[in-house]
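Engineer: based on what follows, work out the 3D shape:
(2 chains)
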2 protein chains.
Amino acid sequence: MAAGGNHIRVGILGCAEIARKVARAISLAPNATLSAVGSRTVEKAKRFAAENGFPETVKIYGSYEAVLDDPEVDAVYVPLPTSLHLRWAVEAAEKKKHVLLEKPTALHVGELERILQACDSNGVQFMDGTMWMHHPRTHKMREMLSNPSLFGQIKSVHSIFSFSGGSDFLENDIRVKPDLDGLGALGDVGWYCIRSILWAVDYELPKTVTALRVPVLNKSGVILSCGSSLLWEDGKVATFQCSFLANLVMDVTVVGTKGTLHLNDFVIPFGETSASFTFATESGFTELVTGWKPLPSEHILATDLPQEALMVKEFATLVGGIRDSALKPDEEMAYN
Amino acid sequence: MAAGGNHIRVGILGCAEIARKVARAISLAPNATLSAVGSRTVEKAKRFAAENGFPETVKIYGSYEAVLDDPEVDAVYVPLPTSLHLRWAVEAAEKKKHVLLEKPTALHVGELERILQACDSNGVQFMDGTMWMHHPRTHKMREMLSNPSLFGQIKSVHSIFSFSGGSDFLENDIRVKPDLDGLGALGDVGWYCIRSILWAVDYELPKTVTALRVPVLNKSGVILSCGSSLLWEDGKVATFQCSFLANLVMDVTVVGTKGTLHLNDFVIPFGETSASFTFATESGFTELVTGWKPLPSEHILATDLPQEALMVKEFATLVGGIRDSALKPDEEMAYN
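Structural biologist: Predicted structure coming up:
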């Protein structure tokens, strides 16, 4: 687990559940090393390191500041509650640490702009933690959607992400607390739906976004379930539905004039070593309309590394270019 | 092809494209016989009979009335343009012919009520031509959705049906003509979406139905593409998207508190001899959230007869009960 000479040294701020997976990803990425973890108390950080089998080389800190002040940390992964993102992402940037920020990146676009501004003016790389963007399946799907003879022009996108939170989650999780992750299901699972839609339309912003009637809120006014429809200038449309109150679903359906893309595990693939999607082109019927011809086909992509390790690898590559080769931060990565 | 003694003798009004498939279904159904076909000219009816290899026992008529006046016709299949349904379905009922009516059944609910009233007061069976309702897959899915330990309570339904009409269709098909099938894509493909939603919620009517912004209309004002969201009193929601302007898609997704149903060929199964769907119960993740556990499972249903033959068989069974055993028409079949 000794760091290679040019490895990017990553510190983690906080001991969130998702940090366990990303800590593993940092150790799997060939160009990154986990170098520090900081929590509000050193005991908590120690326990987290022990529970997850961190090597002894990982420094344990009793504050987030201490990680940011460590000159042997190049970059930080920030899985803190969303309400803390503005403060800690900006402070990290000001201390010249590159920022891998868990989603949702901020409570509103104004906060995100301040974070991006801080990264830009300090010359550090920004990346959000949307892991599925880094899966080879995602690149393959993008390639097929961008091929006019396979897909035609995009007409609609439909995305669903729900999971069943359960009573403990719905009482106690930070994602139902207005002062922690006040965007609730919209910021958590809805983030992915919106991202999948924007990804499908190649980041063209919609003309209108309309909430579906009557979102479900908890007593504190945090969204537990909601839906929306989106409309673009050229007439294409999208819908999404996100919820903490239904069985686990992760669907994206993209329909074009000539093609269709389906997948049912877009955020977390069913398995770690490969992932698939279904694609159809110029679908039609048999002569008497008693079956389909051609049938949709399944495309399977193998992965050498899990998607979160690929994310860390890509982040570390960009950071390495800045640290070691005087490259500029990648702005497309920051904004898409 | 000689009719069994208790076969239901079915006449067809008109030579619509879809009548080819249903004529075959009538010959495949073990309790029905195709006995007559009528078109606006006898030449057209003759050509249709020849092209589809109808046996010589099928009587050829140069008008719809002649089919209705034939005492050796028990029931009629009516695939005429929607604007003609009220007139011909009512006239069929008044002539004591049982009615298998192609969808959409009517241009508005007032017309459908007049048709149902005519069938009721004349003691004839009414059934609409929604073939997928009769596939054994549909019954199996209904059984699983109705099982609280597999599915829980229903939270949302999402349905998409589109196909790419092409330029000839978009110029000339009856489904884009305001005086023939004036409901356009909403009446044609949208009918199936709405039916799938009502089927999933066990025919409970929604509290509100809201069109998504900006449907696409042709020059005559006929809908070519549109979407909608539906909301029920208990908070469950549905969306659908229907279109003549996109690749062939036939999706239904039903999400409950504990389970999920997916299928991508709900109206016309991919193949004629079997059909499948995917069902998941209490879906969750592996320990580090790097995969799903349990995985959704695929359920495959074989069919001894194609779904349209099963529809004819069920219709003929109901008609036979009335004709031969003095049973009453099945009202649930008429209204669901």
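Engineer: how about the residues of the stretch 101-250 of chain A near chain B?
Structural biologist: Proximity of the stretch 101-250 of chain A to chain B (C-beta under 8 Å from any C-beta of the partner chain) is limited to residues A:152, A:155-156, A:158, A:160, A:162-164, A:208, A:210, A:212-214, A:216, A:225, A:227, A:229, A:231, A:235, A:237, A:239, A:241, A:243, A:245-249. All C-beta spots, glycine's among them, are computed from the backbone N, C-alpha and C.
Engineer: pull out the buried residues from the residues you listed.
Structural biologist: A:152, A:155-156, A:158, A:160, A:162-164, A:210, A:212, A:216, A:225, A:227, A:229, A:231, A:237, A:239, A:241, A:243, A:245-249 (16 or more other C-beta atoms under 10 Å in any protein chain shown).
Engineer: in chain A, where's the longest helix?
Structural biologist: Longest helix in chain A, counting residues (DSSP state H): helix A:307-325.
Engineer: packing partners for that helix?
Structural biologist: strand A:8-13, helix A:17-28, strand A:32-38, strand A:75-78, strand A:98-101, strand A:126-128 (3 or more C-beta pairs under 8 Å, 6 or more residues apart in numbering or on different chains; DSSP states H and E).
Engineer: so for the second one, mean pLDDT?
Structural biologist: This points to helix A:17-28. Mean per-residue pLDDT for helix A:17-28: 95.
Engineer: what do you get for stretch A:140-157?
Structural biologist: 98.
Engineer: quick check: end-to-end length of that stretch?
Structural biologist: 17 Å (C-alpha to C-alpha, to the nearest Å).
Engineer: could you redo the helices and strands packed on helix A:307-325 as TSV and give each row mean neighbour count?
Structural biologist: Listed next are these as TSV, based on neighbours: other C-beta atoms under 10 Å in any protein chain shown:
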stretch	mean neighbour count
strand A:8-13	28
helix A:17-28	21
strand A:32-38	25
strand A:75-78	28
strand A:98-101	28
strand A:126-128	25
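Engineer: TSV for those, including distance to residue A:197?
Structural biologist: Output for those, formatted as TSV (distance: least, C-beta to C-beta, whole Å):
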stretch	distance to residue A:197
strand A:8-13	30
helix A:17-28	23
strand A:32-38	30
strand A:75-78	25
strand A:98-101	21
strand A:126-128	16
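Engineer: nearest to residue B:291, out of the ones you listed?
Structural biologist: Comparison of the helices and strands packed on helix A:307-325 against residue B:291 by C-beta to C-beta identifies helix A:17-28 as nearest, at 11.2 Å.
Engineer: pull the residues that contact that closest one.
Structural biologist: A:1, A:10, A:12, A:32-34, A:37, A:48, A:52, A:54, A:77, A:79, A:102, A:129, A:305-306, A:308-309, A:311-312, B:288-290 (C-beta atoms under 8 Å, 6 or more residues apart in numbering or on different chains).
Engineer: can you dump the C-alpha coordinates of that helix into PDB?
Structural biologist: The C-alpha coordinates for helix A:17-28 follow below in PDB (Å, rounded to 0.1, in the frame of the first residue of the first chain):
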ATOM      1  CA  GLU A  17     -21.000   5.700   5.300                       C
ATOM      2  CA  ILE A  18     -20.200   6.400   1.600                       C
ATOM      3  CA  ALA A  19     -16.600   7.300   2.600                       C
ATOM      4  CA  ARG A  20     -16.000   3.500   3.200                       C
ATOM      5  CA  LYS A  21     -16.600   2.700  -0.400                       C
ATOM      6  CA  VAL A  22     -14.600   5.700  -1.700                       C
ATOM      7  CA  ALA A  23     -11.700   4.900   0.700                       C
ATOM      8  CA  ARG A  24     -11.500   1.500  -0.900                       C
ATOM      9  CA  ALA A  25     -11.700   3.100  -4.300                       C
ATOM     10  CA  ILE A  26      -8.700   5.400  -3.500                       C
ATOM     11  CA  SER A  27      -6.700   2.300  -2.500                       C
ATOM     12  CA  LEU A  28      -7.700   0.500  -5.800                       C
END
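Engineer: quick one: contacts for residue A:148?
Structural biologist: Contacts of residue A:148 (C-beta under 8 Å, 6+ apart): residue A:258.
Engineer: any idea how far it is from residue A:268?
Structural biologist: Distance of residue A:148 to residue A:268, computed by C-beta to C-beta, to the nearest Å: 31 Å.
Engineer: ok, and the closest non-adjacent residue to residue A:124?
Structural biologist: residue A:98 (4.5 Å; C-beta to C-beta, 6 or more residues apart in numbering or on different chains).
Engineer: how far does the helix or strand harbouring residue A:196 sit from the chain's center?
Structural biologist: Assigned by DSSP states H and E, residue A:196 falls within helix A:189-200. Its chain's C-alpha centre lies 9 Å from the corresponding centre of helix A:189-200 when counted by C-alpha atoms, centre = their mean, to the nearest Å.
Engineer: which helices and strands sit right next to the next helix or strand after it?
Structural biologist: Per DSSP H and E, helix A:189-200 leads on to strand A:208-211 as the next helix or strand towards the C-terminus. Other helices and strands packing on strand A:208-211, by 3+ C-beta pairs under 8 Å, 6+ apart, are strand A:223-231.
Engineer: if we look at the strand it packs on, which residues are touching it?
Structural biologist: Counting by C-beta under 8 Å, 6+ apart, A:162, A:165, A:170, A:176, A:183-186, A:190, A:197, A:206-212, A:215-218, A:237-246, B:155-156, B:212-214, B:227, B:229, B:237, B:239 sit against strand A:223-231.
Engineer: report the central residue of chain A.
Structural biologist: residue A:130 (1.3 Å; C-alpha atoms, centre = their mean).
Engineer: for residue B:104, see how far away it is.
Structural biologist: 42 Å.
Engineer: next: residue A:174.
Structural biologist: For residue A:174 relative to residue B:104 (C-beta to C-beta), the value is 49 Å.
Engineer: between these two, who's got more neighbours?
Structural biologist: Using other C-beta atoms under 10 Å in any protein chain shown, the more surrounded residue of residue A:174 and residue B:104 is residue B:104, with 25 against 16.
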